[in-house]
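> Could you look at this predicted model? Sequence included:
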Amino acid sequence: MTTIIVHRKLTSVTPTRRRWMGLVEFVLGVIMLLIFTLRVPAGAVSTFVMTPGGITQGLAPDWVLPTFPVLLGLTLVVMALGAFQFFRGFDRWMNGVLGIVAGLFVFAFLTWATANTSLNLTGMLSAAVLLSVPITLGAFSGVLCERAGVVNIAIEGMMLMASMTGALVGSVTGSLVVGLLAAVASSVLLALAHAVLSIRYKINQIISGTVINIFSLGMTSFLSSKFLQTYQNLNNPPIFPRIPIPLLADIPVLGPLFFNTNLFVYIMFALLIIIQVALFATRWGLRLRSVGEHPKAADTLGINVFRTRYMAVLLGGVVAGIGGAFFTLGSVGRFDEAMTAGKGFIGLAAMIFGNWTPIGSFLAGLLFGFADSVASKLPLLDTGIPIQLMAMAPYITTMVVLAGVVGRGNTPAADGEPYEKE
Amino acid sequence: MSEKQQKQDVGKVLLDELVNPPAPKKAGRWSKVGRALLLPALAVLTGLILGASLIVVTSEDVWAAFQVSFGAGLGSAWNTITSAYAALFAGALGDPVRIIQALQSGNAVEIRRSINPILESLVNATPYIFAGLAVALGFRAGVFNIGVEGQLFMGAIAATYVGYAVKGLPGFIHMPLALLAGALGGAAWGFVPGWLKARTGGHEVINTIMMNYIAFRLTEYLLGGPMTRPGSGGLPLSPIIEKSAEIPQFFPAPIRFHLGFFIALATAYGVYWLLFKTTWGFNLRTVGANPNAARYAGMDITRNTILAMSLAGALAGLAGANQILAVNRSMAIGLSPGYGFDSIALALIGNSTPIGVVLASLLFGALRNGATRMELLRIPNDIVSIIQALILAFVAAPAIIRTIYRIKPSKEADSTVNIRSWGGGQK
């Protein structure tokens, strides 16, 4: 019998960092108090429609909230969390708490913005889930690669290539499944290039990723303006339909959000469970992580470092390919130049935000998707806040989190280090 | 004081040995230059060959000809390649026949028109020089500045603002002032990731990417609101800058060749001087080459990292300011055709040396400019990005080129790039 001893790293947050984070959260609470809570018209109510448009299963009645008490409650919770963070600290839950605070802040904002009007909340959330799919899948791809010690900033390029291939092959064959498989294959080819460049030729992994990003942007734009724009029927793929899951789809609120939706959302949940279990509860995962933490030790124990890294990068390519296919086969039904619009990089940020774990990446991805969804609904609410400034929020949040996470979290120790076999 | 001084001196001697290993005595100056240029030249050649094969594979004419007969297909493929690259050459450097005829006729206007492609290539190369320097300086100091795009936007925004909002200044003050504003705007955008890296360890790759998006959103906001052009009808455009803020162009209207090109060359020399002739530059390079040794030698890593990112941002800001003041005259969302990623390729191909960056910029400027002529043959100009990526891959992995052309590896170290990823690597 062998026992596996997992050494948990001591996750101590430095006092300065703890206080800074507490201060940031507390200031958010103060902003909520001054801008939202104290400026509510007396007796206002916020109405949230709880059934997305065009859904016939899982209907739920509207939520009517008294605006002022709800806002006051949210403000007090955020201030309390901030104060606790300042004085005592949440240690390893610090990022999670920041995520909750951000979520409460956004919810408070929505409640304030819908005072005396109504907003389709589940419609917004369901859009958020869809918007988070490519971000989360990109983050999963990053987790797989980086846990094995290969930095992958080529996720953006892989997704872009996959989205074009998916559209092209999907249009030519008229088959969704063939389109998806072709998309994955194209992404895996790029992943192979990344693996060969960074593992075999040992060039800096960030540069190798940049090569792939430039190549992919050039190639997709080239093929797109050469063929897709001239022959419209090459760029008209079918879209995966909404698939309701029997019984579960009838649950109010949750049903329309998670059980009556796109195939890609189901794939995302399946991958979340598979990758989480595979990485942290199987021998395979332990080996993969050991290669990312200490390749020399892993090699000494007979683990083939190169093969493990190739496998991890190729699997990352598969996941990124699915994420890329979502753009054309899952949501838009057409390829546009540079349509991934930086979602791969946001996925990378979500991975770091989520502390290199699938579950954390998923939650961070949801948060980013939610921010996108709020930003796209903002013009309808007419709050007087410029959309562009609101749309900056996820990027600023990422930078704040990054400032707090490095050197503390689960960053694989050999991440980005080429392995030289002696 | 004296003890610290002594320590630094010992460190410097040691570092000099480490950073610049003594060159083998026999190697002459020219063979050294030849060897330095051989691999990049072969990389460019290979990139062009692969680009040609892509053009052939995606050409409908060639496919049609292959259906007639194999020989016809080969002939058509050859014609496609030669006409494509002839167009690239004529677009980038001008039509030699026309230039000779113009020179013989002695007509000044005709001469200018015939050499306009060369001048236009230089116009294209100018922002590349600034942007490439911004990345190269970062590489030398051990930071990967992937945020050139955002810094360039902020530089352009700042220069535009000074360009139209400040009125009544003479040109010799207004134009430099606007350029300075551009440099400061970019520097501010470089400072933040530099500070975050030095103080918190937040990796500059993620932070500069985030700063890029923040810059785009900020630009959209400013052009849509506070900085919008009166009467633009809701289009995101800034007002046109004052005449006094313009960087002068040398020739009348259709020819856009301007003073900015020489400012870029002077800046490249300035960066060379700073990096290789001053103590500051030595410190920056040492921090980049080996931070542990630099710390041991008493150099301030925090300050050097922040300084490097700010300077890099300033250079990128100059790229944006230059485009506004010399070419575009007003700010719009579509300012950059991808300078951000291109600049990384430029810095790497130029081996992170200012002279290398200038040469690479001239090459890419010519390629970009020539590609507009290729578009007439229904070859999208994105082919240049593909060729760039291939060149970059070959330059970054010289082993590939060595394998293809059977070149023996040189003993000198290949890479001047020493960037660490966000994980460990801090052994």
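Right, received. Where do you want to start? Quantities reported herein were computed from a predicted structural model and do not represent experimental measurements.
> where does the chain dip in pLDDT?
In the absence of a named chain, this looks at chain A. The model of chain A has pLDDT under 70 over residues A:1-13, A:54, A:58, A:379-384, A:404-410, A:422.
> that's the wrong chain, I wanted chain B
For chain B, the stretches with pLDDT under 70 are B:1-33, B:35-36, B:409-427.
> who in the stretch 1-150 of chain A is up against chain B?
Residues of the stretch 1-150 of chain A lying near chain B by C-beta under 8 Å from any C-beta of the partner chain: A:Arg17, A:Glu146, A:Gly149. Bear in mind the C-beta positions are built from the backbone N, C-alpha and C, glycine included.
> So which other helices or strands are in contact with the helix or strand where the second one lies?
Taking DSSP states H and E as the definition, A:Glu146 sits inside helix A:121-147. Here helix A:121-147 is seen to pack against strand A:45-49, helix A:155-173, strand A:260-261, helix A:263-281, helix A:283-293, helix A:305-325, helix A:343-353, helix A:358-381 when contacts are counted using 3 or more C-beta pairs under 8 Å, 6 or more residues apart in numbering or on different chains; DSSP states H and E.
> can you count the residues close to the closest residue in space to A:Asn233 that isn't next to it in sequence?
Across the structure, with C-beta to C-beta, 6 or more residues apart in numbering or on different chains as the measure, the residue nearest A:Asn233 apart from its sequence neighbours is A:Ser171 (6.5 Å). Burial of A:Ser171 is recorded as 22 neighbouring residues (other C-beta atoms under 10 Å in any protein chain shown).
> Contact partners for A:Ser171?
A:Gly179, A:Asn233, A:Leu234, A:Asn235, A:Asn236, A:Pro237 (C-beta atoms under 8 Å, 6 or more residues apart in numbering or on different chains).
> buried subset of those?
A:Gly179, A:Leu234, A:Asn235, A:Pro237 (16 or more other C-beta atoms under 10 Å in any protein chain shown).
> Dump the residues you listed into a markdown table; add secondary structure and distance to chain B as well.
Below are the buried ones among the contacts of A:Ser171 laid out as a markdown table (DSSP: H, G, I helix; E, B strand; the rest coil; distance: C-beta to the nearest C-beta, whole Å):
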| residue | secondary structure | distance to chain B |
| --- | --- | --- |
| A:Gly179 | helix | 20 |
| A:Leu234 | helix | 13 |
| A:Asn235 | helix | 15 |
| A:Pro237 | coil | 20 |
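> Could you dump those residues into JSON lines and include distance to B:Ser83?
What follows is the buried ones among the contacts of A:Ser171, written out as JSON lines (distance: C-beta to C-beta, whole Å):
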{"residue": "A:Gly179", "distance to B:Ser83": "35"}
{"residue": "A:Leu234", "distance to B:Ser83": "25"}
{"residue": "A:Asn235", "distance to B:Ser83": "28"}
{"residue": "A:Pro237", "distance to B:Ser83": "34"}
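> My guess is B:His174 contacts B:Val166. True?
Yes: assessed by C-beta atoms under 8 Å, B:His174 is found in contact with B:Val166 at 6.5 Å.
> Contact residues of the stretch 1-150 of chain B facing chain A?
B:Leu54, B:Thr58, B:Phe144, B:Ile146.
> show me what contacts the nearest residue to the second one once chain neighbours are set aside?
Looking back up the chat, that one is B:Thr58. Excluding the flanking residues, the one nearest B:Thr58 by C-beta to C-beta, 6+ apart is A:Lys226, at 5.6 Å. A:Lys226 makes contacts with B:Thr58, B:Arg378, B:Ile379, B:Pro380, as judged by C-beta under 8 Å, 6+ apart.
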